[in-house]
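1. Here you go, sequence then predicted model.
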Amino acid sequence: MNSTEGVIDGNLAAKEIKEELRSRVERLATAGEPPGLGTILVGDDPASRSYVAGKHRDCADVGIRSLRVELPASASQREVLTEVERLNEDPQCSGFIVQLPLPAQIDMHAVLQAIDPDKDADGLHPANLGRLILGRPGTLPCTPRGILELLRRENVPITGAQFCVIGCGTTVGRPLALMLTRPTEHATVTLCHEATIDVAAHTRVADVVIAAAGAAHLVKPSWIRPGATVLSVGITRTIEGILGDVHPDVEQVAGKWTRATGGVGPMTRAMLLKNVVELAERRAD
């Protein structure tokens, strides 16, 4: 197969989603309910700063108001919670995120729980994850939602398909498995983790493999059934650049795939915008 024939372009899909959102943002603004995204960045981690800057560029692209909060790495738990409370009460903020990771002195779970579930733009509040388990979701987690959107736009079969998800973190693996088993998707899911014996035995029978472990080049060509769809989600930053969880040679075996960059990442950001717009629409209703 040609090396670009089966590549899934997340940048293109994200661009299409932004185009779809612009008209919704305009309607909200006309109705006096313009959406606003807030971000809380604690510290000066280069990757986190880059992520937050990208999110605000995306906001500018579609007309969403940006509200930025930046705190030093030395910020106390109380200072972070104060900003969370302020955004909870700010009528200009439709939804907001606290950029992770947080400095060691900050209790991440306490901070996430302090977010108003109806302003939880990341879909990671315990209440929203609980609603997902009950099949009555509020805001959906961005990366799993982006993955499903990408698969649908690429006409990858989901219902009845065999999925293997590598990694069971709370931001991707676990919520994705829940979403895939909803009646609207009805896929069969195997969720692998660091204690799984012979992960390759599970990936070789999967129609779709989603690697979200954060382990560079973990998934090898021999792990993949010819023609399967493979999404590389986790990344590792090295002196060689950004490496994905999937070895590049997998492209010689897979039917469709995403790469370490330009695949799922842009869709995560696009889903954040979509979540914010939906939160603003709920408030307007």
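-> That came through fine. What you see is a predicted model; the values in this text were computed from it and never measured.
2. Could you use CA atoms for every contact and neighbour count after this?
-> Will do.
3. wait, residue 64 sits on residue 34?
-> Yes. At 7.1 Å, residue 64 counts as touching residue 34 under the criterion of Cα atoms under 8 Å.
4. Now for residue 228, how many residues are close by?
-> 19 (other Cα atoms under 10 Å).
5. Contacts only, for it.
-> Contact analysis of residue 228 by Cα atoms under 8 Å, 6 or more residues apart in numbering lists 206-209, 253-256.
6. okay, and the common contacts of residue 64 and residue 34?
-> Going by Cα under 8 Å, 6+ apart, residues that sit against residue 64 and also against residue 34 are residue 25.
7. residue nearest the centroid of this structure?
-> Nearest residue to the geometric centre of the chain (Cα atoms, centre = their mean): residue 143, 1.8 Å.
8. now the strands for the stretch 101-250 of the chain?
-> 162-166, 188-192, 208-211, 229-232, 235-238, 241-244 (DSSP state E, counting those that start in this stretch).
9. and these, which one's lowest on average pLDDT?
-> Lowest mean pLDDT of the strands of the stretch 101-250 of the chain: strand 235-238, a mean of 90.
10. just the CA coordinates of it, formatted as CSV?
-> Taking Å, rounded to 0.1, in the frame of the first residue of the first chain, the C-alpha atoms of strand 235-238 are listed here in CSV:
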residue,chain,number,x,y,z
ILE,A,235,2.9,10.3,22.5
THR,A,236,6.4,10.3,23.9
ARG,A,237,8.6,13.4,23.5
THR,A,238,12.2,12.5,22.8
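11. Stretch 227-240: which residues count as buried?
-> 227-235 (16 or more other Cα atoms under 10 Å).
12. tell me the domain boundaries of the chain?
-> In the assignment given by automatic domain parsing, the structural domains of the chain cover 30-131, 142-265.
13. Tell me which of those sits nearest to residue 284.
-> domain 30-131 (6.3 Å; Cα to Cα).
14. Give me the distance from the helix or strand bottoming out on mean pLDDT in the chain to the chain's centre.
-> Here the helix or strand of the chain ranked lowest by mean pLDDT, DSSP states H and E is strand 235-238, holding a mean of 90. Offset of strand 235-238 from its chain centre (Cα atoms, centre = their mean, to the nearest Å): 17 Å.
15. pLDDT weak spots in the stretch 1-150 of the chain?
-> 1-4 (pLDDT under 70).
16. So residue 258 versus residue 250, what's the distance?
-> Counting by Cα to Cα, to the nearest Å, the gap from residue 258 to residue 250 is 10 Å.
17. okay, these two: which has more neighbours?
-> Higher neighbour count among residue 258 and residue 250: residue 258, with 25 against 20, using other Cα under 10 Å.
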